[in-house]
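S.K.: Let's see this in three dimensions:
(one chain, ligands or ions: 1)
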Amino acid sequence: MKDFVFDLIEQEKVRQKEGLELIPSENYVSPEVLEAMGSILTNKYSEGYPSFADLDKSDKEIAEEILPNSRYYGGQVNVDRIERLAISRAMKLFHADHANVQPHSGANANEAVYYAWCEPGDKILAMNLAHGGHLTHGAPVTRSAHIWNFIPYGVTEDGDIDYDELERLALSEKPKIILVGYSAFMKIPDFERVAKVGKEVGALLMADMAHVAGLIAGGVHPNPLDFGFNVMTTTTHKTLRGPRGGLILSKGKVSSPLRKPEKTLENIPTLIDRSVFPGTQGGPLEHVIAAKAVAFGEALKPEFKDYAAKIVENAKTLADELKTRGFVLQGGGTENHLILVNVEKSYGFNGKIFEKALDMVGLTLNANALPGDKAAAFRPSGVRLGTPAITTRGMGKAEMKKIAGWMEEMAKICKDVPSEDALSEKADEFEKIHAEVKKMALDFPVPSIK
Ligand code: DSN
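M.R.: Reported below is the predicted structural model:
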């Protein structure tokens, strides 16, 4: 008998096919990314690194070249070339001098940068989680927050980074790292301004672009590495549309990871390599690295630019439609792929009720706190949604309007619902909307799900 796990995978396929994925950090990978990810490369150990020489060559040349490596296991002839392809493509995609493709996740990528540059107790200036930052940027519940001293900066009333506060804190606290990054922020950061401040105080400039990496790759969002930032971390599975994993891009001199270099900004690529392995991780996941290489190859193609532009266009349409339907949006709208709706202010109930209700009709998004939210973490006032996944399915303006319409109908039904538990009483009223969502979802197939 086949393992129950496969039955559950089939059920998840149906959920993905028949519903609409609006969580802004999710996407649907191509059949090729999926194939590389599920390949026999998972059988192979390859601690250490392939050669970093000649990575600006063509894919064909890299795929054919066998060079000496710094690995701790034999049998690297193929994984070396796969990892070199991933590194080379990532460097081209993000204008970086070096790429480390081994981080298992965005959290690992971030911690590896902190560990590469900071001593325990050193200060790191980063966006407040409650203002749209990220857990791994110093939330007290994380290991990083126990090791390093995170100083939070916030956002202004209109939802932009409070650059004056950032500057004031940088000058007074003299942090070792200034970090620009977020998981619920709808503006385009002023990298130039932050870089100027960072240079003044001698901090390492780090950008965590996990959410917008695909927009950067597609040329519709500025690249912090073009504005004097030393390091950019990202996940590979959000707008970038690759497998789940992390990536660190950096500017500087690349040298052998076998020797410990002097701690200078110029040596940051090698400091990071040593921090990822053996500093914070063991063996890399070569099947995931292969899938990253395939995804980076896809992102280098001209059609990815159209995809990135369409994500933003769809997000702007969806934001405008939501506003005309009575929804109050944090920051008044969006400049990227992400929208934060103040459900409490718009319709008088909390974001968790809305998340659960929308899930019942096949619209998946997540409850999210708003800056200064007084509500409990599990019952925040808002919901966060975005357009990367539905854009992958080929949806456009007409579909954004329909989604906004369903959200309005659902908000009106849920207005008087006292708690999530009471939502089942509304199940009959949800039925019509659920059927409409399912019909539209099936008209736009998910790549790699038959
Ligand atoms: N948890 C991710 C998000 O949804 O934004 C970030 O890591």
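S.K.: On the three-state scheme, L385 is what?
M.R.: Local secondary structure at L385 is given as strand here, using DSSP: H, G, I helix; E, B strand; the rest coil.
S.K.: Check P418 and give its pLDDT.
M.R.: As predicted, P418 sits at a pLDDT of 88.
S.K.: What residues of stretch 245-258 count as buried?
M.R.: Buried residues in stretch 245-258, counted by 16 or more other Cβ atoms under 10 Å: G245, G246, L247, I248, L249, S250, K251, G252, V254, P257. From N, CA and C alone the C-beta is placed, and that goes for glycine too.
S.K.: With stretch 119-134 instead?
M.R.: Neighbour-count burial for stretch 119-134 flags K123, I124, L125, A126, M127, N128, L129, A130, H131, G132, G133, H134 (criterion: 16+ other Cβ under 10 Å).
S.K.: and the closest residue to the last one other than its chain neighbours, what is it in contact with?
M.R.: Closest residue to H134 in three dimensions, ignoring its sequence neighbours and counting by Cβ to Cβ, 6 or more residues apart in numbering: S183, at 4.7 Å. In this structure, S183 makes contact with S25, G132, G133, H134, A210, H211, judged by Cβ atoms under 8 Å, 6 or more residues apart in numbering.
S.K.: just those now: which is nearest E47?
M.R.: A210 (25.3 Å; Cβ to Cβ).
S.K.: In the chain, where's the longest helix?
M.R.: Selection of the longest helix in the chain by residue count, based on DSSP state H, yields helix 302-324.
S.K.: Which strands or helices does it pack on?
M.R.: For helix 302-324, the packing partners by 3 or more Cβ pairs under 8 Å, 6 or more residues apart in numbering; DSSP states H and E come out as helix 213-217, strand 328-329, strand 338-342, helix 388-392, helix 397-414.
S.K.: Can you name the residue of the stretch 151-300 of the chain nearest the ligand?
M.R.: The ligand sits closest to S183 of the stretch 151-300 of the chain, with a gap of 3.4 Å, by Cβ to the nearest ligand atom.
S.K.: quick one: secondary structure of that residue?
M.R.: Under three-state DSSP, S183 falls in the coil class.
S.K.: Look up the pLDDT of it for me, please.
M.R.: At S183, pLDDT is 95.
S.K.: coming back round to it: which pair of the buried residues of stretch 245-258 spans the longest distance?
M.R.: G245 and G252 (22.6 Å).
S.K.: Please identify the most buried of the helices and strands packed on helix 302-324.
M.R.: Burial of the helices and strands packed on helix 302-324 is given as mean neighbour count (mean count of other Cβ atoms under 10 Å); helix 213-217 ranks first at a mean of 28.
S.K.: Quick check: end-to-end length of stretch 232-244?
M.R.: Using Cα to Cα, to the nearest Å, the end-to-end distance of stretch 232-244 comes to 17 Å.
S.K.: With stretch 113-132 instead?
M.R.: 21 Å.
S.K.: Quick check: buried residues in stretch 151-168?
M.R.: Applying 16+ other Cβ under 10 Å to stretch 151-168 flags I151, P152, Y153, G154, V155, G159, D160, I161, D162, L166, E167 as buried.
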